[in-house]
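[1] coords please:
(one chain, ligands or ions: 1)
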Amino acid sequence: MPETSAIYPGSFDPITNGHVDIINRGLNVFERVIVAVLENPKKRPLFTTKERVRMIQDIFASKKEVEVRAFDGLLVDFARAQGTRVVIRGLRAISDFEYEFQMALMNRSLAPDIETFFMMPSVNYSFLSSNLVREVAGLGGSVEGLVPSSVARKLRNKVRGPHKVQIP
Ligand code: PNS
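    Here you go, the predicted structure:
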């Protein structure tokens, strides 16, 4: 049976324009993209799970074919529970490859029926990561053009607010 949906998992702390680009590319191939936000307090994310989910929901508010959910536990279990057998991951550069290769093969050994699809973001975003965005924002640099404007605003508030951005 051909797949009509795919799951796009990640930490999204915060979502960047590179992630947005991959979600839009995913929609060119799949009817439905489920963005799965990892709930992992051990990673001490800058944004809470609720904030990360909400930010992505707001960005894709006009696209009902994008669903955003938080998850914990094994990704393959969550994918199955969502009724999909395709995992999308973005590949920016060769440096991503080793980690992604390990994850894809681990997921395959856990769930042979689930396939990982790699998609390349626009070259404009090939240097972009949530880590760098957090670092630049934490040091007072501009992140305009790197993240959606709503996310840039939230980052500025974190820098100024009582919960200051922690530089990774
Ligand atoms: O954006 P990230 O941090 O690179 O995303 C990593 C993510 C969420 C895809 C990965 O950590 C994950 O799938 N975690 C869930 C736990 C799991 O299934 N682990 C085994 C597969 S390697």
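[2] Could you measure from Arg52 over to Lys43?
    11 Å (C-beta to C-beta, to the nearest Å). Using the backbone N, CA and C atoms, a C-beta is placed for each residue, glycine as well.
[3] anything in contact with each of those two?
    11, 13 (C-beta atoms under 8 Å, 6 or more residues apart in numbering).
[4] Looking at the two now, which is surrounded by more residues?
    Counted by other C-beta atoms under 10 Å, Arg52 and Lys43 do not tie: Arg52 has more neighbours, with 26 against 10.
[5] For that one, give its distance to Glu100.
    21 Å.
[6] How about Val33?
    Taken as C-beta to C-beta, the span from Val33 to Glu100 is 18 Å.
[7] higher neighbour count, the two?
    Using other C-beta under 10 Å, the more surrounded residue of Val33 and Glu100 is Val33, with 26 against 16.
[8] Can I take it that the more buried one is in a strand?
    Yes - counting by DSSP: H, G, I helix; E, B strand; the rest coil, Val33 is located in a strand.
[9] how about stretch 37-50, does it reach the ligand?
    Yes - counting by C-beta under 6 Å from any ligand atom, the ligand has neighbours in stretch 37-50: Leu38.
[10] can you list contacts of that stretch?
    9-14, 52-53, 55-56, 68-72, 134, 154, 158, 165-166.
[11] Quick check: buried residues in the lowest-mean-pLDDT helix or strand in the chain?
    Every helix and strand of the chain was ranked by mean pLDDT, DSSP states H and E. The lowest is helix 149-160, at a mean of 91. Residues of helix 149-160 classed as buried by neighbour count (16 or more other C-beta atoms under 10 Å): 151-152, 154-155, 158.
[12] out of the residues you listed, who's nearest the ligand?
    The shortest approach to the ligand among the buried residues of helix 149-160 belongs to Val151, at 15.1 Å (C-beta to the nearest ligand atom).
[13] Pull up the gap between that closest one and Asp113, please.
    Distance, Val151 to Asp113, by C-beta to C-beta: 35 Å.
[14] Over to Val87?
    With C-beta to C-beta as the criterion, Val87 and Asp113 are 12 Å apart.
[15] more crowded one of the two?
    For Val87 versus Asp113, neighbours defined as other C-beta under 10 Å are more numerous around Val87 (24 against 9).
[16] what's the closest non-adjacent residue to the more buried one?
    Thr116 (4.7 Å; C-beta to C-beta, 6 or more residues apart in numbering).
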